[in-house]
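Enquirer: need coordinates for the below:
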Amino acid sequence: MKKLAVVLLGLLLLGMLVAGVIMGRVCSDAKPPSGRNAAELPFFAGLPKVLDLAHRGASKQAPEHSLAAYALALSEGADVLELDLRSTRDGVLVVAHDASLERTLGLPERWAEMSWAEVQARSEPRAPPRLEDVLAHFPEAHLNLELKDEDPAAARALAELIRAAGAERRVLVASMHGEMLREFRRASHGAVATSASFREALGFYACYLIGKGCAGEYAVLQLPVLDWLGITKSEFIQHAHRQGLLVHYWTVDEEPAQRALLAAGADGIISNRPDTLARLIASSRAGSALATGAGPDAPAIVFLGDSLTAGLGLPASEALPARIQQRLDAAGLAYRAINAGRSGDTTAGGLARIDWYFRDPIELWALVIGLGSNDALRGLSLDALEDNLRQLIRRTRQRKPGAKIFLWALETFPNLGADYARHYAAVFPRLAEQEHVTLIPFPLADVAGHPELNQQDGIHPTAEGTQLVAERVWAVLRPAL
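Expert: Numbering: from 1, shown residues only. Purely as a prediction, here's the structure:
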């Protein structure tokens with residue numbers, strides 16, 4: 001009976017929106033807003049085309065909304081951590097789903113009734129992390145943050161916290177409540193990507209039903225799996241794509257449902273089991289390699305790197321691995337290039353996630369290691385950098401004895417000190433010689449220092465610059481194929 005009431009209420013709301021559409025209040029015949037292409041927003045640059053969003057972390061394997069659950073999710077292949085936010089009485093943003101502390105901490109109060117100090121005093125050591133703790137603990141992770149409360153002050157606090165952490169490019173903000181998103185968009189000055197509120201999503205759906213466009217300030221539709229509404233069909237997803245939007249679905253743990261959504265063209269799935277979803281997405285990507293001439297069982301060349309590999313600021317089709325794939329296809333070589341780049345990753349980060357690429361359905365033929373730039377930018381220990389790279393090489397040899405290994409030779413900025421820069425550059429050829437791997441001479445040699453070949457940050461190559469990087473990498477790869 002309750003389910004029927006919810007359905008009837010939904011139909012009533014939808015009817016009201018459709019009436020508004022007919023009167024021209026919501027939709028129009030106009031094309032999408034000029035330049036709107038969610039896939040090219042900073043948040044999505046460098047991420048895979050289809051996202052594995054870990055619902056409250058790896059919440060089926062570890063305590064939900066815990067640092068352990070987040071770390072496990074990332075190690076298992078999650079692309080984005082999905083977090084719920086609640087605000088304490090004194091305005092501290094805490095990672096928690098429920099309005100009450102009863103289920104998770106056994107306390108009857110609501111978050112809004114307690115100060116953060118009171119929460120700590122009464123729940124240690126079980127207190128959930130604050131958002132600022134997560135941002136600090138996972139400085140490179142992409143986060144999907146859902147504001148659960150309806151207090152606009154929480155939206156303003158979130159905008160300020162993201163700005164203070166410099167996390168605008170790696171955060172996507174969601175909320176069911178339209179006023180919360182409007183306040184957040186105002187407070188963040190549009191610098192952070194957002195998904196559609198409940199009312200905005202309903203409006204989009206109403207426009208879809210009558211075949212009209214729908215303008216909005218959101219980049220993503222994050223929707224439940226309601227097959228009877230038709231919102232999981234490829235026609236709906238394609239309509240969203242024509243409007244410059246992406247479509248994610250929540251919360252989906254069953255493999256048949258995940259497969260159906262991937263087949264329909266979903267851009268992301270929110271799941272409690274990021275490990276199994278990651279394997280399914282990898283299998284789906286393997287199948288898509290047929291379009292390039294490489295079958296799903298074709299040996300893989302995995303490019304393990306950071307934003308330079310991921311293609312930060314570029315469409316996925318212009319990232320380095322995609323450029324290598326184009327050369328493989330043109331040469332009639334049945335290999336598939338896998339983009340395992342993650343923006344901001346260090347050698348330690350690469351070591352933490354390398355095991356994923358030893359699993360089925362990936363037949364690892366070669367590993368191309370392009371890590372170390374972010375170690376230098378942070379002034380991290382060169383001994384640690386060298387040790388991490390050595391472990392990457394040796395672990396790969398242990399798990400995949402026949403795999404070929406290539407290592408980028410990197411250089412760094414002289415402002416870190418002449419001695420540091422000299423010793424840094426010496427790590428890669430020394431390691432290549434000691435571990436008997438193939439060295440790829442500095443791939444950015446023809447690009448670094450040339451403003452016309454780099455994006456505005458002066459660090460990441462443009463599409464033209466990436467072509468030159470690909471040429472240098474290909475010159476070393478091709479003879480080994």
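Enquirer: so residue 187 sits right up against residue 160, yeah?
Expert: Yes. Under the criterion of Cβ atoms under 8 Å, residue 187 makes contact with residue 160 at 7.2 Å. Glycine gets a C-beta too; all of them are placed from N, C-alpha and C.
Enquirer: any regions of this structure where pLDDT drops low?
Expert: 1-36, 283-296, 360-361 (pLDDT under 70).
Enquirer: give me the more crowded residue out of residue 187 and residue 160.
Expert: More crowded of residue 187 and residue 160, by other Cβ atoms under 10 Å: residue 187, with 18 against 12.
Enquirer: I'd like the next helix or strand past whichever strand or helix holds residue 281.
Expert: If you go by DSSP states H and E, residue 281 is part of helix 274-288. Downstream of helix 274-288, the next assigned helix or strand under DSSP H and E is strand 300-305.
Enquirer: tell me the SS of residue 63?
Expert: coil (DSSP: H, G, I helix; E, B strand; the rest coil).
Enquirer: one more: the one 10 residues further on?
Expert: Secondary structure for residue 73, judged by three-state DSSP, is helix.
Enquirer: shouldn't it be in contact with residue 60?
Expert: No. Counting by Cβ under 8 Å, residue 60 is not a contact partner of residue 73; they are 10.2 Å apart.
Enquirer: comparing the two, which residue is more hemmed in?
Expert: residue 73 (31 against 16).
Enquirer: I'd like the distance between the more buried one and residue 170.
Expert: Here the criterion is Cβ to Cβ, to the nearest Å. By it, residue 73 lies 15 Å from residue 170.
Enquirer: do residue 336 as well
Expert: For residue 336, the distance to residue 170 - Cβ to Cβ - is 28 Å.
Enquirer: more crowded one of those two?
Expert: It is residue 336, of residue 336 and residue 170, that has more neighbours when counted by other Cβ under 10 Å, with 29 against 24.
Enquirer: in the sheet, who's paired with that one?
Expert: residue 300 (DSSP bridges).
Enquirer: can you check the one 5 residues further on too?
Expert: When bridges are taken as DSSP bridges, the partners of residue 341 come out as residue 305.
Enquirer: quick one: the helices in the stretch 301-450 of the chain?
Expert: With DSSP state H, counting those that start in this stretch as the criterion, the stretch 301-450 of the chain has helices at 307-310, 320-330, 347-353, 373-377, 382-399, 418-435.
Enquirer: run the chain-centre distance for the fifth one.
Expert: Right, the one you point to is helix 382-399. 25 Å (Cα atoms, centre = their mean, to the nearest Å).
Enquirer: determine the set of other helices and strands touching it.
Expert: Where contact means 3 or more Cβ pairs under 8 Å, 6 or more residues apart in numbering; DSSP states H and E, helix 382-399 is packed against helix 347-353, strand 364-370, helix 373-377, strand 404-408, helix 418-435.
Enquirer: just give me the neighbour total for residue 41.
Expert: Residues lying near residue 41 (other Cβ under 10 Å) number 17.
Enquirer: which residue packs closest to it, ignoring adjacent ones?
Expert: Distances taken as Cβ to Cβ, 6 or more residues apart in numbering put residue 193 closest to residue 41, at 5.0 Å, once the chain neighbours are dropped.
Enquirer: verify the stated contact: the one you found with residue 220.
Expert: Yes. Residue 193 lies in contact with residue 220 (Cβ under 8 Å); the separation is 7.2 Å.
Enquirer: list residues touching both of those two?
Expert: Common contacts of residue 193 and residue 220, defined by Cβ atoms under 8 Å, 6 or more residues apart in numbering, comprise 38, 172.
Enquirer: tell me the spacing between the residue lying closest to residue 48 once chain neighbours are set aside and residue 310.
Expert: In space, residue 48 comes closest to residue 79 once its chain neighbours are excluded; the distance is 5.9 Å by Cβ to Cβ, 6+ apart. Distance of residue 79 to residue 310, computed by Cβ to Cβ: 11 Å.
Enquirer: more neighbours: which of those two?
Expert: residue 310 (27 against 23).
Enquirer: show me what contacts that one?
Expert: Here residue 310 is in contact with 45, 46, 47, 319, 339, 341, 342, 343 (Cβ under 8 Å, 6+ apart).
Enquirer: make it 7 Å
Expert: Counting by Cβ atoms under 7 Å, 6 or more residues apart in numbering, residue 310 makes contact with 46, 319, 339, 341, 342, 343.
Enquirer: which one of the residues you listed is nearest residue 472?
Expert: Of all these, residue 472 sits closest to residue 319, with 15.3 Å by Cβ to Cβ.
Enquirer: these two touch, right, the closest one and residue 339?
Expert: Yes. Assessed by Cβ atoms under 7 Å, residue 319 is found in contact with residue 339 at 5.9 Å.
Enquirer: between the two, who's got more neighbours?
Expert: residue 319 (27 against 24).
Enquirer: please report how far residue 355 lies from residue 304.
Expert: From residue 355 to residue 304 the distance is 11 Å (Cβ to Cβ).
Enquirer: neighbour count: these two, which is higher?
Expert: Ranked by neighbour count (other Cβ under 10 Å), residue 355 and residue 304 place residue 304 first, with 25 against 14.
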